[in-house]
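[1] Predicted model and sequence follow; I will ask about them next.
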Amino acid sequence: MAVATPPVEEKIQPYRPSSPRPKSPHVTIYRWPITMAMSIAHRATGAALYAGTVLLVIYLAALAMGEQSFHYVQAVYQSLIGQFILFLYSLAFVYHMVGGIRHLFWDVRPGLMEKHCATKTAWATIGISLIVTIFIWFVACTFF
Amino acid sequence: MAQIRLPENSRIQPGKTWPKPEGAKNLTEFQIYRWSPDDEENPRLDTYYVDREACGPMVLDGILYIKNHIDPSLALRRSCREGVCGSCAMNIDGANTLACTKGMDEVKQPIKIFPLPSMPVVKDLVPDLNHFYAQHRMVEPWLQTVSPEPEKEWLQGHGERQQLDGLYECILCACCQTSCPSYWWNGDRYLGPAVLLQAYRWIADTRDEKTGERLDRLEDPFRLYRCHTILNCTQTCPKGLNPAKAIATIKNLITERQV
């Protein structure tokens, strides 16, 4: 009588595609929600503040070095391009601060991360930053 | 380290345009990511036209029309067709969502469809989710207790049960997980929004007695703290859940136990 052969232990071969798997596209195909753009801008302004601080240091150093160097730096900063860069610096400063306050609110009340609320506060942050920066420049240009 | 540019073999080439269905009046254009392991080609974007009179209103209906009538080689996962299984998660019109609950008229035309972002692609719209499942396993998503087992079930009050609302509904579709830029850049070590929401689901469960160990496991610069409140997870969740809030709550619990 033939004895049934015991089942051969089948080894499952791992699947090997002929070409390695591609990575699906991400940042280039994703439609950026305003909250994502805000997050990136918060980082970018944070980095920009380092560069802005250098501007401040140059200003103070020139002041310490004497009248001539101070007038030179003053002239550069008062030129159209200088004023434009200083405006961007102040905008980055205010934006980063307002965004930081938004983060503080989130830390205390994580419920504020609800998507409609977060979208509204994102736009509010942009609006408030622009208004505050323009106000600062308005005051500066009017009274100084 | 974050790799922003796609590797050489993943860059998308222009694809082919499939013929329009004959005699159809109301057409919707689809552009769909295609990649097959059976040849050496790079991924491509193919164009299809769907006869709206001959199929249902959802994006999934459109894709199945293409599979049934135009190109049977198109691969995708789908099962329940009513937003409870999470199989048909994909990137539609730039946002991750379920093809079965997204209407064709809700999104911009032509309808662009990609697999879930920043994942290895098995074929076409089918991503490899093994790493995601392994991460899910890591947070030990089951009830853990030390006190003696009750005779029947572990009881829970009405209010205690309510603390799980907004957490237990997660279907693990990986929409939020793969929408997160932090997960794109550090997915090997950052657990990601879906897994952290699941971790919090067991931390918030009043019957679970291993909260301390669970927090210990998460307290890590990469596993938990790669969350930078970008909020793509919360914006994209097709079930309307809020992973960002769950993550922030875990961070708060870790801070609270230190003071």
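    Received, thanks.

[2] what's near enough to touch residue A:94?
    A:129, A:132, A:133, A:136 (Cβ atoms under 8 Å, 6 or more residues apart in numbering or on different chains). Quick note: C-beta positions are derived from backbone N, CA and C, even for glycine.

[3] pLDDT value on it, please?
    Here the pLDDT value assigned to residue A:94 is 98.

[4] Secondary structure class of it, three-state.
    Of the three states, residue A:94 takes helix under DSSP: H, G, I helix; E, B strand; the rest coil.

[5] ok, which residues in the stretch 51-200 of chain B are in contact with chain A?
    Within the stretch 51-200 of chain B, the positions near chain A by Cβ under 8 Å from any Cβ of the partner chain are B:91, B:93-95, B:112, B:114-122, B:127-128, B:178-179, B:181, B:184.

[6] Could I have the buried ones of those residues as PyMOL selection syntax?
    Buried residues within those, by 16 or more other Cβ atoms under 10 Å in any protein chain shown, are selected in PyMOL with:
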select buried, chain B and resi 91+93+95+112+114+115+116+117+118+119+120+121+122+127+128+178+179+181+184
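
[7] so of the residues of the stretch 51-200 of chain B next to chain A, which ones are in helices?
    Members of these lying in helices (criterion: DSSP state H): B:181, B:184.

[8] What's the end-to-end length of stretch B:175-186?
    One end of stretch B:175-186 sits 17 Å from the other (Cα to Cα, to the nearest Å).

[9] sorry, back to before: pipe the contacts of residue A:94 into CSV and attach neighbour count and distance to residue A:58 per row.
    Shown next, in CSV, are the contacts of residue A:94 (neighbours: other Cβ atoms under 10 Å in any protein chain shown; distance: Cβ to Cβ, whole Å):
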residue, neighbour count, distance to residue A:58
A:129, 22, 25
A:132, 17, 25
A:133, 20, 21
A:136, 15, 21
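
[10] and of those, the nearest to residue A:37?
    residue A:129 (13.5 Å; Cβ to Cβ).

[11] Pull up the gap between that closest one and chain B, please.
    Computed as Cβ to the nearest Cβ, to the nearest Å, the residue A:129 to chain B distance reads 18 Å.

[12] Tell me who's in contact with that residue.
    Residue A:129 is in contact with A:91, A:94, A:95, A:98, A:99, counting by Cβ under 8 Å, 6+ apart.

[13] just curious, which of these is nearest to residue B:232?
    Looking across the contacts of residue A:129 and measuring by Cβ to Cβ, the closest to residue B:232 is residue A:99, at 16.8 Å.

[14] ok, that closest one - how many residues close by?
    23 (other Cβ atoms under 10 Å in any protein chain shown).

[15] Assign the closest residue to it other than its chain neighbours to one of the three secondary structure states.
    Closest residue to residue A:99 apart from its sequence neighbours, by Cβ to Cβ, 6 or more residues apart in numbering or on different chains: residue A:42 at 4.6 Å. Put simply, residue A:42 is helix when judged by three-state DSSP.

[16] Tell me who's in contact with residue A:42.
    By Cβ under 8 Å, 6+ apart, the contact set of residue A:42 is A:95, A:96, A:99.

[17] Tell me which residue of the stretch 51-200 of chain B lies closest to chain A.
    Relative to chain A, the nearest point of the stretch 51-200 of chain B is residue B:94 (2.8 Å; Cβ to the nearest Cβ).

[18] That residue contacts residue A:27, doesn't it?
    No: Residue B:94 sits out of contact with residue A:27 when judged by Cβ atoms under 8 Å, with a separation of 10.9 Å.

[19] And the pLDDT at residue A:45?
    Looking at residue A:45, the pLDDT reads 97.

[20] tally of neighbours for it?
    By the measure other Cβ under 10 Å, the count of residues near residue A:45 is 21.

[21] give me phi/psi at the residue nearest to residue B:196 when sequence neighbours are not counted?
    Spatially, and ignoring its direct neighbours in sequence, residue B:196 is nearest to residue B:247 (4.9 Å; Cβ to Cβ, 6+ apart). The phi/psi pair for residue B:247 (degrees, to the nearest 10) reads phi -70, psi -40.
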